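Undergrad: mind folding the following:
(one chain, ligands or ions: 1)
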Amino acid sequence: MTATETTPTPAAGPARRAAARAVAARKTYGSGDTEVRALDGIDVEFERARFTAIMGPSGSGKSTLMHCLAGLDTLTSGQVFIGDTDLTTLSEKHLTTLRRDKVGFVFQAFNLIPTLSAIENITLPMSLAGRKPDQDWVDDVIRTVGLGDRLHHRPSELSGGQQQRVAVSRALASRPEIIFADEPTGNLDSNSGSEILGFMRRAVDDLEQSIVMVTHDPVAASWADRVVFLVDGRIVDEVHSPSREQIIDKMKDLEVPR
Ligand SMILES: Nc1ncnc2c1ncn2[C@@H]1O[C@H](COP(=O)(O)OP(=O)(O)OP(=O)(O)O)[C@@H](O)[C@H]1O
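TA: Numbers count the residues shown, from 1 in each chain. Alright, predicted model coming up:
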């Protein structure tokens, strides 16, 4: 190899640019004696094409962090970014557009429209937004969801796990910058839960989507590439490619009275 043929150093930035991040994020509710610091100075990055779980005791700030990152709630101070966009500088109108175009949501309740078929539920948000779906992408999502002819069935004709797969596909259809999932397996039995977590895993591995999931369940969190632990509005620990046992041990440490 000559001097001019050296292997280029992999670009540190854009290839693994954060899908979302928080910088010195604080959120307080109330004031004086009743003040609650829901987020107490959080700095965190969520990488692209990674599956991250957020865990922590009840009241530790998980939902607040996710809602602020997703532009559903505002910080008291600090910044949150989706890609390169600083949400704290956006007007309500621009925030609404950003949520629609760049963010996908999955909730514990599937929130499907009962009168529409699975495939109509998946494509509806894009039609409502007047966006032409990227058909190749939607085809990939549909192949990955693996619902076959049940795509033309209504939610009431699908199992809970299948309904949540439709909800995840709906979040994926617009190819968002990031998907936030709030206890997505909370309403499912363990088999259906594994089915949905496997589907989310494939969305990350095969379709390079970025997913952040809040969960109380160590089994669900063990599907993630990384688990971030919150206590009292602060990030206190994180683990990478964790086993269920490692997560349970960490959670036990966090539950010990301080
Ligand atoms: N609208 C609100 N007004 C006042 N306090 C709030 C409000 N929302 C959240 N809090 C408080 O902020 C803290 C963090 O709440 P948050 O819901 O983010 O925690 P969490 O970790 O998601 O809890 P859980 O696991 O129980 O859902 C808690 O002390 C909570 O009581």
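Undergrad: spell out the residue ranges of the helices in the stretch 1-150 of the chain.
TA: Taking DSSP state H, counting those that start in this stretch, the helices of the stretch 1-150 of the chain run over residues 62-69, 92-102, 118-128, 135-145.
Undergrad: helices and strands around the first one, which ones?
TA: Counting contacts by 3 or more C-beta pairs under 8 Å, 6 or more residues apart in numbering; DSSP states H and E, helix 62-69 is packed against strand 18-29, strand 36-47, strand 51-55, strand 77-82, strand 178-182, strand 211-214. The way it works is simple: take the backbone N, C-alpha and C, and place the C-beta from them, glycine included.
Undergrad: now mean pLDDT too, for the helices of the stretch 1-150 of the chain, in CSV please.
TA: Listed next are those as CSV, based on pLDDT from 0 to 100:
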stretch, mean pLDDT
helix 62-69, 95
helix 92-102, 92
helix 118-128, 87
helix 135-145, 83
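Undergrad: just name the most buried of those.
TA: Counting by mean count of other C-beta atoms under 10 Å, helix 62-69 has the highest mean neighbour count of the helices of the stretch 1-150 of the chain, with a mean of 23.
Undergrad: tilt between that helix and strand 77-82?
TA: For helix 62-69 against strand 77-82, the angle by axes from the mean of the first three to the mean of the last three C-alpha atoms, to 10 degrees is 70 degrees.
Undergrad: compute the inter-axis angle for helix 62-69 and strand 18-29.
TA: 120 degrees.
Undergrad: quick check: Val106 vs the ligand, distance?
TA: Distance, Val106 to the ligand, using C-beta to the nearest ligand atom, to the nearest Å: 16 Å.
Undergrad: what's opposite that residue in the beta bridge?
TA: Beta-bridge partners of Val106, counted by DSSP bridges, are Ala181.
Undergrad: please shift the residue numbers so they start at 182 in all later answers.
TA: Yep, numbering from 182; the last one is Val287 now.
Undergrad: that one touches Glu364, doesn't it?
TA: No - using C-beta atoms under 8 Å, Val287 is not in contact with Glu364; the gap is 9.3 Å.
Undergrad: on that earlier part again, tell me which of the helices of the stretch 182-331 of the chain sits nearest to Leu256.
TA: Leu256 lies closest to helix 243-250 among those, at 5.4 Å (C-beta to C-beta).
Undergrad: next, the angle strand 217-228 makes with the closest one.
TA: On the basis of the same axes, to 10 degrees, helix 243-250 is oriented at 60 degrees to strand 217-228.
Undergrad: as TSV, the helices of the stretch 182-331 of the chain with distance to the ligand would be great.
TA: Converted to TSV, the helices of the stretch 182-331 of the chain look like this (distance: least, C-beta to the nearest ligand atom, whole Å):
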stretch	distance to the ligand
helix 243-250	3
helix 273-283	18
helix 299-309	25
helix 316-326	28
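Undergrad: can you redo these as CSV with distance to Glu228?
TA: Converted to CSV, the helices of the stretch 182-331 of the chain look like this (distance: least, C-beta to C-beta, whole Å):
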stretch, distance to Glu228
helix 243-250, 14
helix 273-283, 16
helix 299-309, 25
helix 316-326, 21
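Undergrad: isn't Ser337 up against Pro295?
TA: Yes - applying C-beta under 8 Å as the test, Ser337 and Pro295 come out as touching, 6.2 Å apart.
Undergrad: which residues does the helix or strand where Leu435 lies contact?
TA: Assessed by DSSP states H and E, Leu435 sits inside helix 425-436. Here helix 425-436 makes contact (C-beta atoms under 8 Å, 6 or more residues apart in numbering) with 236-238, 399-400, 402-403, 408, 410, 412, 417-418, 420, 423.
Undergrad: and stretch 254-274, by the same measure?
TA: With C-beta under 8 Å, 6+ apart, stretch 254-274 has contacts from 198-209, 220, 222-223, 245, 248-250, 252, 276, 279, 283-284, 358-359.
Undergrad: Asp370: neighbour count?
TA: The number of residues packed near Asp370 is 12, by other C-beta atoms under 10 Å.
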